[in-house]
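Asker: Build me a model:
(2 chains)
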Amino acid sequence: DAGVTQSPTHLIKTRGQQVTLRCSPKSGHDTVSWYQQALGQGPQFIFQYYEEEERQRGNFPDRFSGHQFPNYSSELNVNALLLGDSALYLCASSLLGPTSGNTIYFGEGSWLTVV
Amino acid sequence: GQQLNQSPQSMFIQEGEDVSMNCTSSSIFNTWLWYKQDPGEGPVLLIALYKAGELTSNGRLTAQFGITRKDSFLNISASIPSDVGIYFCAGPYSGGGADGLTFGKGTHLIIQP
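Answerer: Take a look at the predicted model:
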């Protein structure tokens, strides 16, 4: 049973460019969340997708956008990259529900470096 | 989102010692989660708590949901080298039960030989 898979694992972009990160959720999961983790910090919630719609959003600018596909996989897009966007981007999948906490699984993340 | 304060920031202990760390919130939570993150990997769930006063164990790990619903504690007994890593507390981003998560800044556990 495959867990959460993310791609690419590492990438380097230039300021002003755009990036797309991809996530395949754990089999049977219907909800995907994205997080940004800067070095030495805890993950910061970006947004959550359920039934192909953004269900909840954290405190991130509109440069950060996403999409969920009918097969529950998801993409995170970041436009007009800034140096401060350099971070580990984590995808988490879960089953929506009141005890969803114990169904949340994280991928290994995509390391983004902006130069 | 909610603010989580996690302490201590780091711990230097000897193998075999017990470890205690805690997390406090500025608001009431109805879920507390504890994660461990190893270098180069995503966080892995250790324990999930859903009820005030709840005490739950996972092997040598024990976590408690504070009765005020604004705090939680994680204890590790008889630490071993593989316990090294960063431990995060987390709760629902907006205080609900089926949300994205807000995380503390982590407790970095280092075990001295």
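Asker: So, low pLDDT: which residues of chain B?
Answerer: B:1-2, B:95-98 (pLDDT under 70).
Asker: can you give me the strands in it?
Answerer: Under the criterion DSSP state E, chain B contains strands at B:4-7, B:10-14, B:19-25, B:32-37, B:44-49, B:55-58, B:61-65, B:71-76, B:85-92, B:101-103, B:107-112.
Asker: pLDDT score assigned to the residue lying closest to residue A:28 once chain neighbours are set aside?
Answerer: Counting by C-beta to C-beta, 6 or more residues apart in numbering or on different chains, residue A:28 lies nearest to residue A:95, which is 7.3 Å off, once chain neighbours are set aside. All C-beta spots, glycine's among them, are computed from the backbone N, C-alpha and C. With respect to pLDDT, residue A:95 has a value of 84.
Asker: swap in residue A:18?
Answerer: Residue A:18 is given a pLDDT of 98.
Asker: Output the set of residues of chain A in proximity to chain B.
Answerer: A:4, A:33, A:35, A:40-48, A:56, A:58-59, A:90, A:92, A:96-102, A:104-109 (C-beta under 8 Å from any C-beta of the partner chain).
Asker: Put the buried members of the residues you listed into a PyMOL selection.
Answerer: Selecting the buried subset of the residues of chain A next to chain B in PyMOL, with 16 or more other C-beta atoms under 10 Å in any protein chain shown as the burial test, is done by:
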select buried, chain A and resi 4+33+35+42+43+44+45+46+47+48+56+58+90+92+96+100+101+104+105+106+107+108+109
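Asker: Tell me which residues touch residue B:99, please.
Answerer: A:48, A:56, B:92, B:93 (C-beta atoms under 8 Å, 6 or more residues apart in numbering or on different chains).
Asker: Just read off the phi/psi values of the residue nearest the centre of chain A.
Answerer: Centroid check for chain A by C-alpha atoms, centre = their mean gives residue A:34 as the closest residue, at 2.8 Å. Phi and psi for residue A:34, reported as degrees, to the nearest 10, are phi -120, psi 140.
Asker: what about residue A:28, how many residues close to it?
Answerer: 10 (other C-beta atoms under 10 Å in any protein chain shown).
Asker: Let me fix that, I meant to ask about residue A:87.
Answerer: Neighbour tally, residue A:87, other C-beta under 10 Å: 20.
Asker: residues contacting it?
Answerer: A:36, A:37, A:38, A:39, A:112.
Asker: if we go to 10 Å?
Answerer: Listed by C-beta atoms under 10 Å, 6 or more residues apart in numbering or on different chains, the contact set of residue A:87 reads A:35-39, A:41, A:43-44, A:109-114.
Asker: What distance do you get for residue B:24 to chain A?
Answerer: 14 Å (C-beta to the nearest C-beta, to the nearest Å).
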